[in-house]
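Student: Build me a model from this:
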Amino acid sequence: MGIQTRDRVRKHRKLMAQSGMRPIQIWVPDTKRPEFVRECRRQSLLLQNDVQEREVLDFIAAASDTEGWE
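Tutor: Presented below is the predicted three-dimensional model:
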């Protein structure tokens, strides 16, 4: 990281802190890894034709407010 970039980042962080914000770090699964894709597929197949899954999806659809979405 060059000096200009470092200074710009430092200035941005200072302004954010002055406005009442604080930095956090969040670790999330790497969706690009083959293991992630395999695990998603494995879990999805476990729910295939599951009665409770259908009930949950129906509830979400009924409770969702999608008016005006395109």
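
Student: helix/strand/coil for the residue nearest the centre of the chain?
Tutor: Compute the mean C-alpha point of the chain, and by CA atoms, centre = their mean the closest residue is V28, 7.6 Å away. Following DSSP: H, G, I helix; E, B strand; the rest coil, V28 is assigned to coil.

Student: Now P34: phi and psi?
Tutor: Note on P34: its backbone torsions stand at phi -60, psi -30 [degrees, to the nearest 10].

Student: residues of the helix or strand encompassing V9 that come out buried?
Tutor: Taking DSSP states H and E as the criterion, V9 maps to helix 3-18. By neighbour count with 16 or more other CB atoms under 10 Å, helix 3-18 contains no buried residues. Where C-beta positions appear, they are placed from N, C-alpha and C, glycine not excepted.

Student: who touches whatever helix or strand comes next after it?
Tutor: Using DSSP H and E, the helix or strand that follows helix 3-18 in sequence is helix 34-47. The contact list for helix 34-47 (CB atoms under 8 Å, 6 or more residues apart in numbering) reads P29, D30, T31, E53.

Student: No further queries at this time; thank you.
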